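Visitor: Provided below are the primary sequence and the corresponding predicted coordinates.
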Amino acid sequence: MAADEADRDFRRQSPSSSPAIVKTVWAFAAIALTSLAVGIASEVTDPNLVEGTLEWAQRSLILIGVGDVAITVVVLISSALISLRVLWPVAKRWKTVWLAATPLLGLTIGLNVGYHFVVRTYLNIPLEADALFAFPELLPWYILLICVQPAVVEELFFRHVALGAALEVMSEKPAIMISSLLFAMAHLGSPLSMPYLAVLGVVLAWLRLKSGGLWLPIVFHFLHNLIVAIVL
Amino acid sequence: MSENDGLGSLAQSSRGSTLKSVRLTLFIIGGLTLALNGFLFSNAEKEVADAQFAPQDVEYVLGLVRLIYGAGAAVGLAFVLCAIFLEKFPVPLTILSLVLYVGATAGFAYLDPTTLLRGVIIKVIIVVTLAKGVQTALAYERDRNASRGSF
């Protein structure tokens, strides 16, 4: 009898719907499945296309574009469905944080180059220039799909939805860790870069919390992707 | 002690037993993942030799195979560590376990999409157990904090 009442009490106290953090993990799974589907689609190659030609570059960009649109749709739907009740910490020295972001960007790029150099050396992978960059007429599309879209959409999901949902139920440090892990694991197409991406996620989450908004992480992410695309 | 306090502690002990089943699940997943990937890692050289790659590719393939099995073993170790410290930090670690499991499943599916369908029922049961574990951990910690505050 008492056990039945305790069970009812337990059910009454349990949230009727999933907490935001669990919904965030479902949204992450949807993003991962979308990436997986796009990855499988891109494996289907046209035998008439020769790598390095303009047609090949156009087809590659179309595939990247389709993936970006699909992920943007999933992120926008998830963001609308996950209602956050987080109290974001107040940014006290946001101007200093914006200034500190410049050397931090240099350090992050340096870490990226160093990390990939070590991995490439270990695996004996030669460094090759991105063949997509060979066509200046496609450059605006390249920048839009590789630099602008990830900066905006990934920051919206990982530094607003995921970080916010995690902050609802835990303190700053573990919340940053969880959102960074999600960010790294969402890059299924570059598994070798995941450890570095987890570190980048920590930097972006820190910037989001200390600057008090999403603008700084968006600008940082955009510049990071642009420089990496040019340098690596 | 009022009747409500008694019922509250019963509910809390019920949550405690749910967390114990999550902990056991994590030990099993972690132990199996660690053991399997550890064995495959130690056997990588033989596996690559048996596959008969071109001599110039052997070193690259071996490095890649070791990296994949090493990452798998690291994920297994992370599950075991989550299980060990689950009682101390129930909320962050149940969430971390769920994130790791979903992420690792997606990662392995990217390498080989057929793995997504292998043991799909067990995968769904594990995900549901971990998701329930997150909700239970949230309620457990809320009650634990409330009872600390009332003293």
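Guide: Here it is on my side, so go on. Numbering: from 1, shown residues only, chains lettered A, B, ... in the order given.

Visitor: mind listing the helices in chain A by residue range?
Guide: Ranges of helices in chain A, per DSSP state H, are A:2-13, A:20-43, A:54-81, A:94-123, A:139-142, A:149-154, A:163-169, A:172-186, A:194-211, A:215-231.

Visitor: can you redo those as JSON lines with mean pLDDT, distance to B:Ala109 and mean neighbour count?
Guide: C-beta here means a position set from N, CA and C on the backbone, and glycine is covered the same way. Putting the helices of chain A into JSON lines (pLDDT from 0 to 100; distance: least, CB to CB, whole Å; neighbours: other CB atoms under 10 Å in any protein chain shown) gives the following:
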{"stretch": "helix A:2-13", "mean pLDDT": "47", "distance to B:Ala109": "35", "mean neighbour count": "13"}
{"stretch": "helix A:20-43", "mean pLDDT": "88", "distance to B:Ala109": "6", "mean neighbour count": "19"}
{"stretch": "helix A:54-81", "mean pLDDT": "90", "distance to B:Ala109": "16", "mean neighbour count": "16"}
{"stretch": "helix A:94-123", "mean pLDDT": "92", "distance to B:Ala109": "22", "mean neighbour count": "14"}
{"stretch": "helix A:139-142", "mean pLDDT": "88", "distance to B:Ala109": "28", "mean neighbour count": "14"}
{"stretch": "helix A:149-154", "mean pLDDT": "96", "distance to B:Ala109": "21", "mean neighbour count": "20"}
{"stretch": "helix A:163-169", "mean pLDDT": "94", "distance to B:Ala109": "24", "mean neighbour count": "23"}
{"stretch": "helix A:172-186", "mean pLDDT": "95", "distance to B:Ala109": "12", "mean neighbour count": "22"}
{"stretch": "helix A:194-211", "mean pLDDT": "95", "distance to B:Ala109": "15", "mean neighbour count": "21"}
{"stretch": "helix A:215-231", "mean pLDDT": "93", "distance to B:Ala109": "25", "mean neighbour count": "18"}
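
Visitor: could you dump those helices into a markdown table and include distance to B:Pro92?
Guide: What follows is the helices of chain A, written out as a markdown table (distance: least, CB to CB, whole Å):
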| stretch | distance to B:Pro92 |
| --- | --- |
| helix A:2-13 | 21 |
| helix A:20-43 | 10 |
| helix A:54-81 | 22 |
| helix A:94-123 | 25 |
| helix A:139-142 | 39 |
| helix A:149-154 | 22 |
| helix A:163-169 | 8 |
| helix A:172-186 | 4 |
| helix A:194-211 | 15 |
| helix A:215-231 | 22 |
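
Visitor: so for B:Thr25, which of those sits nearest?
Guide: helix A:20-43 (16.1 Å; CB to CB).

Visitor: specify the angle between the closest one and helix A:172-186 in degrees.
Guide: Relative orientation of helix A:20-43 versus helix A:172-186 (axes from the mean of the first three to the mean of the last three CA atoms, to 10 degrees): 20 degrees.

Visitor: anything in helix A:20-43 near chain B?
Guide: Yes - contact between helix A:20-43 and chain B, assessed by CB under 8 Å from any CB of the partner chain, occurs at A:Ile21, A:Val22, A:Val25, A:Phe28, A:Ala29, A:Ala32, A:Leu33, A:Ser35, A:Leu36, A:Gly39, A:Ile40.

Visitor: can you list the residues of chain B near chain A?
Guide: Taking CB under 8 Å from any CB, the part of chain B that reaches chain A is made up of B:6-8, B:10-11, B:14-15, B:59-60, B:63-64, B:67, B:71, B:89, B:91-92, B:95-96, B:98-100, B:102-104, B:106-107, B:109-111, B:113, B:116, B:131, B:134-136, B:138-139, B:142-143.
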